[in-house]
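In: Sequence and predicted structure below; questions after.
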Amino acid sequence: MNLYAVVGILAAAIIVWGVFAYNRVVRLRVRADASWRDIDTQLKRRWDLIPSLVTVVRGYASHESDVFEHVTAARGRSMQASTPREQAEAEGALKTAMKSLFVLVESYPQLQANDQFMQFQQTLEQVEDAIQRSRRYYNAVVRDYNMSIEVFPRSLLATVFGFHQRQYFALSDELERTSPAVRLS
C-alpha cells in the first residue's frame, strides 16, 4: 500500500512540475512574441518618419537624389524583413543610409536651423531610443526563453511540445553597432 502511495505522489509531483514548466515556457514564448511586436511598432514609427525627413532635406538639397534613393531603398528592405536576423541586417543598411543623409545635412546650415527639420530630428532621436529599449527587452526575453527550453529536464518538454530557440535581434557588423549621429547642433 505504501509503495502505491509513494508512486502516486511521485507521479502527481512529476505531472504538477510538467504543468508548471510547460506554462513557464509558454509565458516566455508569449512575452517574446509581444516584445517582437513592440520592436516592430517602433520600427514602423521610424519608417513613417523617414519619408517626411527626406522630403524636408530634399527641399534644401534636391540635387542629391542618389542619397534619397539609397535611404528609400533601405527603408523598403527594412519594411520587408520578416525574421530578427533579416531585420537586423536591413536595419544596419538603413542606419548606414541615414548616416549618409545626416552627413549631407551637415552641408546645409540653413537646413539645420529649420524648425521642421529640428522637430523631425528630435522625434527620430526619441524613436531610436525606443528601438534600443525594445531591442534590449526582446533580447532579454529571448535569452530567458532559450535558456528555459535548453535546461534539463525542461528540454525534454520543449522537444515533446515543439518549442524551438528564438533568434536574437543583434546587429551583425561592428560598424552597424554604432548609433547614428542625429544631433547636428
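Out: Happy to help now that I have it.

In: Could you pull out the strands in the protein for me?
Out: Counting by DSSP state E, no segments of the chain form strands.

In: Tell me where the model's unsure across it.
Out: Along the chain, segments meeting pLDDT under 70 span 1, 171-185.

In: what's the longest helix in this protein?
Out: Using DSSP state H to define each element, the chain has its longest helix at helix 2-60.

In: elements contacting it?
Out: Here helix 2-60 touches helix 65-80, helix 84-105, helix 109-112, helix 115-150, helix 154-161, going by 3 or more Cβ pairs under 8 Å, 6 or more residues apart in numbering; DSSP states H and E. (C-beta placed from N, C-alpha, C; glycine too.)

In: how about the fourth one: buried residues?
Out: So that's helix 115-150. Under the neighbour-count criterion of 16 or more other Cβ atoms under 10 Å, helix 115-150 has 117, 120-121, 123-124, 127-128, 130-131, 134-135, 138-139, 141-142, 144-146, 148-149 buried.

In: what about the longest helix of the chain, distance to the chain center?
Out: 13 Å (Cα atoms, centre = their mean, to the nearest Å).

In: what's the answer for stretch 69-83, then?
Out: 14 Å.

In: which of the residues in that stretch are buried?
Out: 70, 71, 74, 75, 77, 78, 81.

In: now swap in stretch 147-167 and tell me
Out: Residues of stretch 147-167 classed as buried: 148, 149, 154, 157, 158, 163, 166 (neighbour count, 16+ other Cβ under 10 Å).

In: Just the CA atoms of it, as CSV, please.
Out: Output of stretch 147-167 as CSV, limited to C-alpha atoms (Å, rounded to 0.1, in the frame of the first residue of the first chain):
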residue,chain,number,x,y,z
MET,A,147,17.7,29.1,-21.5
SER,A,148,14.4,27.8,-20.3
ILE,A,149,14.0,25.3,-23.2
GLU,A,150,17.6,24.2,-23.1
VAL,A,151,17.9,23.4,-19.4
PHE,A,152,17.4,19.8,-18.4
PRO,A,153,14.7,18.4,-17.7
ARG,A,154,12.7,21.2,-19.3
SER,A,155,14.5,20.5,-22.6
LEU,A,156,12.6,17.2,-22.7
LEU,A,157,9.3,19.1,-22.5
ALA,A,158,10.5,21.6,-25.1
THR,A,159,11.3,18.7,-27.5
VAL,A,160,8.0,16.9,-26.9
PHE,A,161,5.9,20.1,-27.4
GLY,A,162,7.9,21.6,-30.3
PHE,A,163,9.5,24.7,-28.6
HIS,A,164,12.4,26.0,-30.7
GLN,A,165,15.1,28.5,-29.9
ARG,A,166,14.4,32.1,-31.0
GLN,A,167,16.9,34.4,-32.8
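
In: So which of the helices and strands packed on helix 2-60 is nearest residue 59?
Out: Closest approach to residue 59 among the helices and strands packed on helix 2-60 (Cβ to Cβ): helix 109-112, 8.1 Å.
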